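Novice: with the sequence up front, the predicted model follows.
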Amino acid sequence: MSNIGSYEEKIKNFDWSISEKELGYKEGDVINIGWYCSDRVCGMGKGDKLALLWENAVGEEKRYTYNDIRVYSNTIGAFLRSLGLKNEDRVCLFMDRIPELYIGLVGILKIGAIAQPLFSAFGDESLFVRLDNAGTSAIITQRKHVSKVRKIIDRLPNLKYIIIVDHDGKRELKEREIPFSMEAERVEELEIFPTKAESPSLIHYTSGTTGLPKGVQHVHYSLISQYLTAKWVLDITEDDIYWCTADPGWVTGTSYGIIAPWTLGVTQCVLDSGFSAEIWYRFIQKYKVTVWYSAPTAIRSLMKAGEDVVRQFDLSCLRHLISVGEPLNPEAVIWSKKVFGLAFHDSYWQTETGSIMISNYPGLKIKPGSMGKPFPGIISTVVNAQTYEPVNEPGVLGLIAFRPGWPAMMRAYWKNEETYKGKFKNGWYLPGDRARLDDDGYFWFVGRDDDIINTAGHLVSPFEVESVLLEHPAVAESAVVSKPDEINMEVVKAFVTLKPGFSVTDELELDIMNFIRKKLSSLAMPQEVEYVDSLPKTRSGKIMRRLLHAKEWGEEIGDTSTLEND
Amino acid sequence: MDEVKDAILEYVIEEYADEDDKITFDTPLISSGLVDSFSMVSLKRFLEVRYKISIPDEDASPEAFDSVNKIADLVRRFTS
């Protein structure tokens, strides 16, 4: 029997108090995610239970019990406090998937500071705009990433501390750089900051269509829906070994890679390594993973690796598979059923929603290719893109819409109230995705409602890439769109015009690609650069990305009446 | 062939490695996460530009790009 039991029964008379009661929370109480992830679990007599099984690319292993998580997060919290950091200060986590990243988040939350996890593959410019926008006070990082911070430190007057968790003493530290070793000291007791439901907990940055990245601000009360969705959708139980393959630089990696599993007291695994089918299957076999939360790009890459490699491993430990990040194509669902004997269950949510919103559930019929049905308590529909009224008719294309009010919903875009307000229309929160509903109430994803590129489940802003392209000495103008990709669903493509004196060469394309990769990230790097004499523009001079996008996807170009006539 | 290996190693160190990374001809690149699947596209492009070859996507697998030695073997296949 699954945790959710009957989906149909659960949607009747649902109330988030189910989660509150299980977590022992009442309105007005102190609620601190850091405490729930560690101290509470230890208090339930599970201090010796394994919380984290960690392995890296060279096979180094580490194991941490819940008591270790409690103590080391205390150590981190106490250290941050000793620097004068306090509640609501922003503390960035900028690390590979090392234990300090996971435990560091817990420590930051314990002192009431706001955790700001950032993907460690970000280049210096991506890092700068996010630290600058958040007014970040401290960044916890590894020595391998310090050079990126040093490039931008002079432009970040608010950044007081660069905390290096693996300083080896061989390199001279510069101003504001501080060495710190999580395991050098065990702080048994730490006064937990008494955060309340609406106290800010995390800021995750997500790409914007026409502006800088948006800082999505969450609160400690988000735990209420993260806990219950993990229990009912991921079906995590006491004896499971859980593996969430997402990086905590993104929201899945925190909501379901740290907060939910540790609040549930489950043993989770982390693999700090690159991707290969063999490495992943070996990891599942070695740690006897039972619940596996992954992403369509990874699943498609596993499909590409073939079935022979699957047969080299004993994967009979697996019992429940879930996917998130992009729409899961039906072939992937059918394939996983064939090779693992288990279908991947697609789930849908985004940085702003903080927790799973629409999903396929254990025991509920999967329609391959469908996003599934709303989580109990989530009021969701498809609305007309002009009127924002529910379409109330199966098969009609519209915008996905959620009635605001679930616990993990974002509370603000950091310093960007206007954009935040713009996400609500006619009483609905609009995540910016288009979909259809079928006769049975299943949602079917169609695509984004804006120019944002979803590559391997990560959102990339065309605006951000175009802005940095213009910093390249050869580029006069640029337009960035998605192009189809078999594995990543979409990848970034750039159209550029060159400045006088520059000519089209293969070397230039490579130089442009690497320029973006280093400044922003590999995700944002154009996989193709196309040189054009001019870019399509409206008569008012705005670049018409829509036309370039249509060309890439073989779609109808549509209305071109506003196209500038050269 | 050593010139090819040396050139690839130099490029990998210059473009993808961090200060502390010690990269040799056999260091895993893709499976270690040192070069991710997106960055692999730029590495492939480098090889094509430098050696004036075209590597079909089906040959540009993560396994074929997983070390400087393997990449050099791949280049040899398309230049011989």
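Specialist: Done, it's in. Numbering: from 1, shown residues only, chains lettered A, B, ... in the order given.
Novice: return the distance of B:Val12 relative to chain A.
Specialist: Here the distance between B:Val12 and chain A works out to 12 Å (Cβ to the nearest Cβ, to the nearest Å). Glycine gets a C-beta too; all of them are placed from N, C-alpha and C.
Novice: three-state assignment of that residue?
Specialist: Going by DSSP: H, G, I helix; E, B strand; the rest coil, the secondary structure assigned to B:Val12 is helix.
Novice: so what's it scoring on pLDDT?
Specialist: As predicted, B:Val12 sits at a pLDDT of 95.
Novice: quick check: closest non-adjacent residue to whatever residue of the stretch 301-450 of chain A ends up closest to chain B.
Specialist: Closest residue of the stretch 301-450 of chain A to chain B, Cβ to the nearest Cβ: A:Ser301 (7.7 Å). Closest residue to A:Ser301 apart from its sequence neighbours, by Cβ to Cβ, 6 or more residues apart in numbering or on different chains: A:Ile487 at 5.7 Å.
Novice: tally of neighbours for the residue of the stretch 301-450 of chain A closest to chain B?
Specialist: 20 (other Cβ atoms under 10 Å in any protein chain shown).
Novice: repeat for A:Asn384
Specialist: Look at A:Asn384: counted by other Cβ under 10 Å, it has 16 neighbours.
Novice: how near is the residue nearest the centre of chain B to B:Asp21?
Specialist: Centre of chain B computed as the mean C-alpha position; nearest residue by Cα atoms, centre = their mean is B:Ile71, 4.6 Å away. As defined by Cβ to Cβ, to the nearest Å, B:Ile71 lies at a distance of 16 Å from B:Asp21.
Novice: repeat for B:Ile13
Specialist: Taken as Cβ to Cβ, the span from B:Ile13 to B:Asp21 is 8 Å.
Novice: the closest residue in space to A:Asp485 that isn't next to it in sequence is in what secondary structure piece?
Specialist: The spatial neighbour of A:Asp485 that comes closest, neighbours along the chain excluded (Cβ to Cβ, 6+ apart), is A:Val491 at 4.4 Å. Under the criterion of DSSP states H and E, A:Val491 resides in strand A:489-498.
Novice: distance from that strand to the middle of the chain?
Specialist: Taking the mean of its C-alpha atoms, strand A:489-498 sits 23 Å from the chain's own mean (Cα atoms, centre = their mean, to the nearest Å).
Novice: right, and the helix or strand after that strand?
Specialist: Next along from strand A:489-498, by DSSP H and E: helix A:506-519.
Novice: flag the shaky bits of chain A, pLDDT-wise.
Specialist: Applying pLDDT under 70 to chain A picks out residues A:211, A:561, A:565-566.
Novice: now the helices: where do they sit in chain B?
Specialist: For chain B, applying DSSP state H gives helices covering B:2-16, B:37-51, B:68-79.
Novice: please identify the most buried of those.
Specialist: helix B:37-51 (a mean of 20; mean count of other Cβ atoms under 10 Å in any protein chain shown).
Novice: state the mean pLDDT of that helix.
Specialist: Taken as a whole, helix B:37-51 has an average pLDDT of 94.
Novice: are that helix and chain A in contact anywhere?
Specialist: Yes. Residues of helix B:37-51 are located near chain A by Cβ under 8 Å from any Cβ of the partner chain, namely B:Ser37, B:Phe38, B:Ser39, B:Val41, B:Ser42, B:Arg45, B:Phe46, B:Glu48, B:Val49.
Novice: the residue lying closest to A:Ile356 once chain neighbours are set aside: neighbouring residues, count only.
Specialist: Of all residues not flanking A:Ile356 in the chain, A:Thr229 sits nearest, at 4.2 Å (Cβ to Cβ, 6+ apart). Under the neighbour criterion other Cβ under 10 Å, A:Thr229 is assigned a count of 28.
Novice: one more: A:Gln386?
Specialist: Using other Cβ under 10 Å, A:Gln386 has 8 neighbouring residues.
Novice: equivalent analysis for A:Lys160, please.
Specialist: 16.
Novice: check contacts around it.
Specialist: By Cβ atoms under 8 Å, 6 or more residues apart in numbering or on different chains, the contact set of A:Lys160 is A:Leu83, A:Ser137, A:Ala138, A:Arg176.
Novice: at 6 Å instead, please
Specialist: Going by Cβ atoms under 6 Å, 6 or more residues apart in numbering or on different chains, A:Lys160 touches A:Ser137.
Novice: surely the residue nearest to A:Asp485 and A:Val480 touch.
Specialist: No. If you go by Cβ atoms under 6 Å, A:Val491 and A:Val480 don't touch, sitting 10.9 Å apart.
Novice: quick one: which of the two has more around it?
Specialist: A count of neighbours by other Cβ under 10 Å puts A:Val480 above the other of A:Val491 and A:Val480, at 28 against 22.
Novice: just to revisit the earlier point, strands paired with the strand holding A:Val491, and their directions?
Specialist: strand A:475-485 (antiparallel), strand A:528-531 (parallel) (DSSP bridges).
Novice: C-alpha coordinates for it, CSV please?
Specialist: Extracted in CSV, the C-alpha atoms of strand A:489-498 (Å, rounded to 0.1, in the frame of the first residue of the first chain):
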residue,chain,number,x,y,z
MET,A,489,14.4,18.7,-25.2
GLU,A,490,15.7,22.2,-26.0
VAL,A,491,19.1,23.8,-26.3
VAL,A,492,20.3,27.4,-26.8
LYS,A,493,20.9,28.7,-30.3
ALA,A,494,22.2,32.2,-31.0
PHE,A,495,21.8,34.3,-34.1
VAL,A,496,24.3,37.1,-34.3
THR,A,497,25.4,39.9,-36.6
LEU,A,498,29.0,40.9,-36.5
